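>>> turn this into a structure:
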Amino acid sequence: MAQPRSLDELIAQRFGFRTTPVVNPLVSSVGTSVVAIAPNNPRRVALIVMNLSATANLFVLPERTVSTTKAIVIGPMTGQSFIWDEDFHILAWEWFGVASAADTPIMVLSIEMEVV
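Reported below is the predicted structural model:
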């Protein structure tokens, strides 16, 4: 097997497919009303959601019913990652978020299998 010459080649060699990162596929901030933060995407193999606020909490879930009492909580200045071989099908679903304050800045990074 040939030595990989780049990270892209290393990933393709190890997993058998190439990937593409997509930053903030839908939004870069969340408020006190529920919004979609990542679209349904069956090619997604990883999703990283970061709360860039210094004070507000971010609440995310792969359901439109996300709320401050029904969610995965991402505290200020932290993040959460979801990976296909640990989180299975929910990774590909549409993800929603709501925050404890208006205009809470977020960063969503979706890692997707390239279409060949």
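>>> all helices for the chain, in order.
For the chain, the helices defined by DSSP state H occupy 7-15, 84-87.
>>> select, out of the ones you listed, the one closest to E114.
E114 lies closest to helix 7-15 among these, at 8.9 Å (CB to CB). Every residue, glycine included, has its C-beta placed from N, CA and C.
>>> please save the CA atoms from that closest one in PDB.
What follows is helix 7-15, C-alpha atoms only, in PDB (Å, rounded to 0.1, in the frame of the first residue of the first chain):
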ATOM      1  CA  LEU A   7      -4.300  14.000   5.300                       C
ATOM      2  CA  ASP A   8      -7.000  13.600   2.700                       C
ATOM      3  CA  GLU A   9      -5.200  10.500   1.300                       C
ATOM      4  CA  LEU A  10      -4.700   9.100   4.800                       C
ATOM      5  CA  ILE A  11      -8.400   9.400   5.600                       C
ATOM      6  CA  ALA A  12      -9.300   7.800   2.200                       C
ATOM      7  CA  GLN A  13      -6.800   5.000   2.800                       C
ATOM      8  CA  ARG A  14      -8.000   4.300   6.300                       C
ATOM      9  CA  PHE A  15     -11.800   4.600   5.800                       C
END
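>>> which of the residues in that helix are buried?
Buried residues in helix 7-15, counted by 16 or more other CB atoms under 10 Å: I11.
>>> any idea of the mean pLDDT in it?
Mean pLDDT, helix 7-15: 89.
>>> would a markdown table of the helices of the chain with distance to M107 be doable?
Listed next are the helices of the chain as a markdown table, based on distance: least, CB to CB, whole Å:
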| stretch | distance to M107 |
| --- | --- |
| helix 7-15 | 20 |
| helix 84-87 | 19 |
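>>> nearest residue to the spatially most central residue of the chain in space, please, no chain neighbours.
Nearest to the mean C-alpha position of the chain, by CA atoms, centre = their mean, lies L47 at 3.0 Å. Among residues not flanking L47 along the chain, F82 sits closest, at 4.5 Å (CB to CB, 6 or more residues apart in numbering).
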